[in-house]
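S.K.: starting from these lines, generate the structure:
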Amino acid sequence: MSSPDPESGRYGAGTTNYVLVMVLLTMVFNNIDRTMISIVAEQVKAEFALNDTQWGTLMGFAFTSVYMLLVLPLGRYADTVGVRRNIIAGSLAVWSLFTLATGWVTSYVQLFLMRMGVGVGEAGATAPSISMLADYLPPERRAQGMSVVSMGAVIGMGFGMMAGGWISENLSWRTAFVAAGAPGILLALVFRFTIQEPPRGGSEGRRSAEAGAFWPSLRALLGTRTYLYILSANAFTLFASMGRNLWEPVFLMRTYEMGEFHAATWYFLTSPLPSMLGIFLGGFLADRLGKGDKRWYLWIPAFGLIVSPPVLVAFLLWPKTHVLAMPGFLAGTMFEAMPVALVWSILGSVIGGFFTAPFMSTTQGVVPLRMRAFAAAISTLLSSIIGLGLGPLIVGMLSDSLTPTYGIDALRYALIAPTLIPVLSGVICLVGARAVAADLERSRALDA
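M.R.: Below you'll find the predicted structure:
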């Protein structure tokens, strides 16, 4: 890999693109190992005799209970004396080992502990990755480039469910975890020995000062209005997305009577895959329009967060008897007919993905250089507690409470609540857009 240009402090396109690919792959495995558990839900629940509330706790709280204790210290370490490349590689190795070990659990308690172990590893992945990318990507390309973090998450979620569903159906759910964990260990070694640690602020022609005292730095961070608006909006949005994403494949299995691989494939094609397009478009539009008016960095997310919820409610409530005939070569297969509801899922997923890249890019732009990983860590912490910790749990509790009334359709109605929450996030973005330009200038002045 090449070194940064001594004049501009920027890396060449080849080096930057390689780093983007490696971060993308890391995020893919991050989310395969985090979310694949949802597609094997029915098998594991039957083996350990669990209800939906217990399963929601396993998908969320088991992970977040340790994640929330480690993500802030690791974020601060990445901002001060830590080498971000090493933190990411080490974290990848740890969570991959725990995922691998999940294939040998013999009780619910052991499975809970393995999920906690995955949380230990993943606490050191996202925030250092976002901080490191900010030093590889110049501001005018940052939102579009950082879309790889969210695209990797979406690819990992979708691929993990598809591959996990196929392996689970044809081999076993235990084999699915072994297949997910083993490649991540190899990737960790490649990441560690092929990626350079970039100079902080180099992509912007800035030179980072030494990290300041923690509490004054934290006060400066929490005094940044744009950051607080994004923090709030992102927390509500992640509550919605994690509450939905980890239960929607189960919804397809129950309501549409699909098998694991069938449900996972339709889910990937109609939710994660179109979401990737939305993530890319959101970053592209924010970078393009934000050159003239910085408010677009929050206006683009606001549009997606307000428009997508009613479209996704249509996906949940559309009559399951309405189907579209697929091309003739699919006749006789499980994909010969497509539920009309999934068309709404495609549209809502594209629009709903607009927020992710602008949120990450803008956060990195408005905070001091030596608080970037910590700022991302706070965001991922709140998102994990509210999103992954509460989202799946509350949906599971709602589903259990509605089952006496709605039976197999209880999950369908339980999912409406998290689906509507992003409207609140969109309103927060509209209010916060007015502060973006001033906070970007303030950040540059602090590190001048």
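
S.K.: could you report the neighbour count for V323?
M.R.: 15 (other Cβ atoms under 10 Å). Where C-beta positions appear, they are placed from N, C-alpha and C, glycine not excepted.

S.K.: go on, the one 3 residues further on?
M.R.: The tally of other residues near M326 (other Cβ under 10 Å) stands at 13.

S.K.: any idea of the mean pLDDT for stretch 154-170?
M.R.: Averaged across stretch 154-170, pLDDT comes to 82.

S.K.: show me what the helix or strand harbouring G348 is packed up against.
M.R.: Assigned by DSSP states H and E, G348 belongs to helix 341-352. In terms of contacts (3 or more Cβ pairs under 8 Å, 6 or more residues apart in numbering; DSSP states H and E), helix 341-352 is packed against helix 260-270, helix 272-290, helix 296-317.

S.K.: please identify the buried residues of the longest helix along the chain?
M.R.: Ranked by residue count and defined by DSSP state H, the top helix of the chain is helix 139-170. Across helix 139-170, burial judged by 16 or more other Cβ atoms under 10 Å covers 139, 142-169.

S.K.: the inter-axis angle of it versus helix 260-270?
M.R.: Per axes from the mean of the first three to the mean of the last three Cα atoms, to 10 degrees, the angle that helix 139-170 makes with helix 260-270 is 160 degrees.

S.K.: which SSE is immediately downstream of helix 139-170?
M.R.: Scanning onward from helix 139-170 (DSSP H and E), the first element met is helix 173-194.

S.K.: check which helices and strands that next one sits against.
M.R.: Using 3+ Cβ pairs under 8 Å, 6+ apart, helix 173-194 sits against helix 13-35, helix 84-101, helix 139-170.

S.K.: what does I421 show for phi and psi?
M.R.: Dihedral pair for I421: phi -60, psi -40, per degrees, to the nearest 10.

S.K.: ok, for it, nearest residue in space, not its chain neighbours?
M.R.: A240 (4.2 Å; Cβ to Cβ, 6 or more residues apart in numbering).

S.K.: check which helix or strand covers that neighbour.
M.R.: Per DSSP H and E: helix 225-245 holds A240.

S.K.: what's that helix packed up against?
M.R.: helix 296-317, helix 356-366, helix 372-382, helix 391-406, helix 416-420, helix 422-432, helix 436-446.

S.K.: pick the most buried one from these.
M.R.: helix 356-366 (a mean of 27; mean count of other Cβ atoms under 10 Å).

S.K.: ok, residues contacting that helix?
M.R.: Contacting residues not belonging to helix 356-366 are listed as 130-131, 134, 139, 142-144, 146-147, 149-150, 224, 226-227, 230, 233-234, 279-280, 282-283, 286-287, 290, 297-298, 300-301, 372, 375-376, 379, 436, 439-440, 442-443 [Cβ atoms under 8 Å, 6 or more residues apart in numbering].

S.K.: stretch 291-304 now?
M.R.: 140, 143, 226, 229-230, 233, 278, 282, 285-286, 289-290, 351-355, 358-359, 361-362, 425-427, 429-430, 432-434, 436-437, 440.
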